[in-house]
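Q: build the 3D model from these lines:
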Amino acid sequence: MARVEQVTKLANASSARRKKFRPLGGASRSLVGKLVLLLLVFMTVPVILYSEFRQADSEKRRLLLESVRAQGRLIAEGLRPLLSREDPSPLPDLNAAVKPLATDYAGIKVLFRPASEHGLEDFFFVASEPPVPAATLQAERDRLIERGVLDKLVQSCQVQVPIALRHLQDSGTEELLTSITPVTTKAGCWAVITTHTSTEMLGTAIDQPYWMTIEVRIASAIYLGMAIFTFGLFYSIWRSIMRFRDMARGIGEGRSSGRGFAAENEVPELSEVAEEFDRMTGALRDSAESLRRAAEDNAHAFKTPIAIMRQSLTPLHRFIPADNPRGKRALEVIDESVDRLDYLVASARRLDQATAELLDATREKINISRLLERMLGAYADSLASRQLTLSMSIQPEIVIRAGQDLMETVIENVIDNAVEISPIGGEIRVDLRRAKGGAVLIVRDRGPGVAPEDVERIFERYISLRGRQKEEKDETAGPSARHFGIGLWIVRRNLQSIGGQVWAENRPAGGLAIVMGLPLAS
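A: Below is the predicted model of the structure:
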């Protein structure tokens, strides 16, 4: 039985029913699909903007550096006459000469290496505007040497050195060294360094990754806040929808806390939806209860006149003589019609009750192992009258969530079918076991089975194939009194109402197997 082997995947029918195929277009309409699309937008837009802004900043940085380096050359040319003076030495007058050339946002520092020296360590700061402590100038010179900025000056004191080096002063102020312009004289090699503390300069990505600029950081913080708010909004909506789902599942599985959708809702915009759900749930429960009451009332109303008719026929059987065949035949037809009417009333009641269970299935914890053993024990006389053998394998203490009457109806219909179609001296086997996510109940008989094309149709309403290989269905007069064709239909509907399922399979050695998946109680 290949399909029975798949029961571990199918036993938890409530979950399986939710995993239906959905067209690809549904993803774009779903909340998750829109969230994924929004996530892609949030990931793509920053990348594009970052690339464009970085390119713009790069161009801005290039233009600024060209400007300040041209400024450095002008300053160096302005100092050249003083630096070229041999006697007296320009050093005493250098600070005074540098001071008017500096501005509020641009500073000047001068390095000097005597003509008799040739190493990097032989460069010394000899002037600075604004003034800087000697220790700070020494540290700055060491950093220039470490970064390799002065290497070209050692080789040739002729080429302007373009630099973009951030430097943190002792005061905590950050400055940017933008250019080194050399001036060669007989006394040695002079290097005029221009520095900037302007916000315009330090606000760019000069000498640092672009993402460290203040603009990018502020934009990133705003963007991150917007993303958190947006996804938080989606999460809030998703959480409310999931709460609705859990509530609906709890109502369907009989685990409702008694609180309505409106009481569980946390999103004001969904309050009207929650109230409509509450009204719909209440209407379904009221409808189910009305159907149950109507089924009982109608059955009682019809059963009484049927019983009176049956009792009234008893004296008629005695009064009509045996030599009156037409009278005897008329009584037989009346008896059959009363039996038929009685069975139709019982079937109508069962149909109404099955419909009510679909609307509002009763749920409670049921020890199906004990219930099955008790019900099978009640079939001892029926089995003995037909010389049938009952074998069973029932795992103990299997607890499912269903209605007591509902499961009794399911078991009774399946066992009655097996008993009726089994040949004299045949065997009926009942197995109950746990499976992944549920329980499996299998009832096997040795009857004639069902034609392969009708295996699924035996669960349709008014389809009766008991002991035959063809469909018996009367559209006008209705089915026969003993073969109304709703037993297995009720079995399937009852099991579906509690999140279970049922199917049939022909046995290789002959007979039919009815396989039922039942949801375990959590």
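Q: what residues does the one helix or strand residue 110 maps to touch?
A: Assigned by DSSP states H and E, residue 110 belongs to strand 106-114. Contact with strand 106-114 is made by 68, 71, 75, 79, 91, 94, 98, 101-102, 122-130, 132, 137, 140-141, 150, 153, 157, 175, 180, 187-198, as judged by Cβ atoms under 8 Å, 6 or more residues apart in numbering. (C-beta placed from N, C-alpha, C; glycine too.)
Q: out of those, list just those in strands.
A: Secondary structure assignment by DSSP state E places 124-129, 175, 180, 188-196 of the contacts of strand 106-114 in strands.
Q: of those, just the buried ones, ChimeraX syntax please.
A: ChimeraX command restricting those to the buried ones, with burial defined by 16 or more other Cβ atoms under 10 Å:
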select :125,126,127,128,129,175,180,188,189,190,191,192,193,194,195,196
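Q: what residues of the strand holding residue 110 count as buried?
A: 106, 107, 108, 109, 110, 111, 112, 113.
Q: which one of those sits closest to residue 313?
A: residue 106 (123.3 Å; Cβ to Cβ).
Q: roughly how far apart are that closest one and residue 384?
A: Per Cβ to Cβ, to the nearest Å, residue 106 is found 114 Å from residue 384.
Q: now do residue 226
A: Using Cβ to Cβ, we find residue 226 at a distance of 78 Å from residue 384.
Q: same deal with residue 174?
A: When residue 174 is compared with residue 384 (using Cβ to Cβ), they lie 102 Å apart.
Q: model confidence for residue 172, exactly?
A: In the prediction, the pLDDT value recorded for residue 172 is 65.
Q: what sits closest to residue 413 if chain neighbours are left out?
A: Distances taken as Cβ to Cβ, 6 or more residues apart in numbering place residue 487 nearest to residue 413, at 4.2 Å, with adjacent residues excluded.
Q: do I have it right that that neighbour meets residue 418?
A: No - if you go by Cβ atoms under 8 Å, residue 487 and residue 418 don't touch, sitting 11.1 Å apart.
Q: when the two are compared, which one has more neighbours?
A: residue 418 (26 against 22; other Cβ atoms under 10 Å).
Q: that one: which element?
A: helix 404-421.
Q: avg pLDDT for that helix?
A: For helix 404-421, the per-residue pLDDT averages 89.
Q: got it, and stretch 120-138?
A: Along stretch 120-138, the predicted local confidence has a mean pLDDT of 86.
Q: and the pLDDT at residue 255?
A: Reading off the confidence values, residue 255 has pLDDT 62.
Q: ditto for residue 22
A: The per-residue pLDDT reported for residue 22 equals 44.
Q: where does the stretch 251-400 of the chain dip in pLDDT?
A: Regions of the stretch 251-400 of the chain meeting the criterion pLDDT under 70 cover residues 251-258, 357-361.
Q: so where do the helices sit in it?
A: 261-264, 271-319, 325-359, 368-377, 380-385 (DSSP state H, counting those that start in this stretch).
Q: of all the ones you listed, which one comes closest to residue 453?
A: Using Cβ to Cβ as the criterion, the shortest distance between residue 453 and the helices of the stretch 251-400 of the chain is 25.6 Å, found for helix 325-359.
Q: please point out which parts of the closest one sit buried.
A: Judged by neighbour count using 16+ other Cβ under 10 Å, the buried positions of helix 325-359 are 331, 338, 340-345, 347-357, 359.
Q: for residue 190, give the beta-bridge partners.
A: Listed by DSSP bridges, the beta-bridge partners for residue 190 are residue 112, residue 183.
Q: list the contacts of it.
A: Under the contact definition (Cβ under 8 Å, 6+ apart), the residues listed for residue 190 are 79, 83, 110, 111, 112, 157, 182, 183, 184.
Q: again, 7 Å this time
A: Listed by Cβ atoms under 7 Å, 6 or more residues apart in numbering, the contact partners of residue 190 are 83, 110, 112, 182, 183.
Q: got those as TSV, with pLDDT and distance to residue 311 columns?
A: Putting the contacts of residue 190 into TSV (pLDDT from 0 to 100; distance: Cβ to Cβ, whole Å) gives the following:
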residue	pLDDT	distance to residue 311
83	88	138
110	91	131
112	90	135
182	88	131
183	88	135
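Q: residue 499 belongs to a helix?
A: No - read with DSSP: H, G, I helix; E, B strand; the rest coil, residue 499 is coil and lies in no helix.
Q: just give me the neighbour total for it.
A: Neighbour tally, residue 499, other Cβ under 10 Å: 25.
Q: if I look at it, how far off is residue 402?
A: Computed with Cβ to Cβ, the distance linking residue 499 and residue 402 is 9 Å.
Q: same deal with residue 190?
A: For residue 190, the distance to residue 402 equals 98 Å [Cβ to Cβ].
Q: residues of the helix or strand harbouring residue 145 that come out buried?
A: Taking DSSP H and E as the criterion, residue 145 maps to helix 134-146. Under the neighbour-count criterion of 16+ other Cβ under 10 Å, helix 134-146 has 137, 140, 141, 144, 145 buried.
Q: save those residues as a markdown table, and put in distance to residue 426 too.
A: What follows is the buried residues of helix 134-146, written out as a markdown table (distance: Cβ to Cβ, whole Å):
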| residue | distance to residue 426 |
| --- | --- |
| 137 | 110 |
| 140 | 105 |
| 141 | 108 |
| 144 | 104 |
| 145 | 104 |
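Q: residue 176 contacts residue 195, correct?
A: Yes - with contacts counted by Cβ atoms under 7 Å, residue 176 reaches residue 195, the gap being 6.5 Å.
Q: gap between the two ends of stretch 116-128?
A: Distance between the boundary residues of stretch 116-128 (Cα to Cα, to the nearest Å) amounts to 23 Å.
Q: same check, this time on stretch 496-508
A: Stretch 496-508 has an end-to-end distance of 27 Å (Cα to Cα).
Q: how far is that stretch from where the chain is centred?
A: On the basis of Cα atoms, centre = their mean, to the nearest Å, stretch 496-508 is displaced by 29 Å from the centre of the chain it belongs to.
Q: then stretch 372-382?
A: The chain centre lies 46 Å from the centre of stretch 372-382; the measure is Cα atoms, centre = their mean.
Q: end to end on it, go ahead and measure it.
A: Counting by Cα to Cα: the opening and closing residues of stretch 372-382 are 16 Å apart.
Q: so which bits of it are buried?
A: Of the residues in stretch 372-382, those with enough neighbours to count as buried (16+ other Cβ under 10 Å) are 372, 376, 379.
Q: dump the residue contacts of the residue nearest to residue 382 when sequence neighbours are not counted.
A: If the residues on either side of it in the chain are set aside, residue 382 comes closest to residue 419, at 5.7 Å by Cβ to Cβ, 6+ apart. Residue 419 is in contact with 379, 382, 383, 386, 388, 428, counting by Cβ under 7 Å, 6+ apart.
Q: state the distance from the third one to residue 430.
A: Okay, so that is residue 383. From residue 383 across to residue 430, the span is 12 Å (Cβ to Cβ).
Q: more neighbours, those two?
A: Taking other Cβ under 10 Å, residue 383 and residue 430 do not tie; residue 430 has more neighbours (21 against 17).
Q: neighbours of residue 131, how many?
A: For residue 131, the count of nearby residues is 10 (other Cβ under 10 Å).
Q: next one: phi and psi at the residue lying farthest from the centre of the chain?
A: In terms of distance from the mean C-alpha position of the chain, residue 87 ranks first, at 85.5 Å (Cα atoms, centre = their mean). Here the main-chain torsion angles of residue 87 (degrees, to the nearest 10) amount to phi -150, psi 120.
Q: domain ranges for this protein?
A: 56-212, 219-360, 364-519 (automatic domain parsing).
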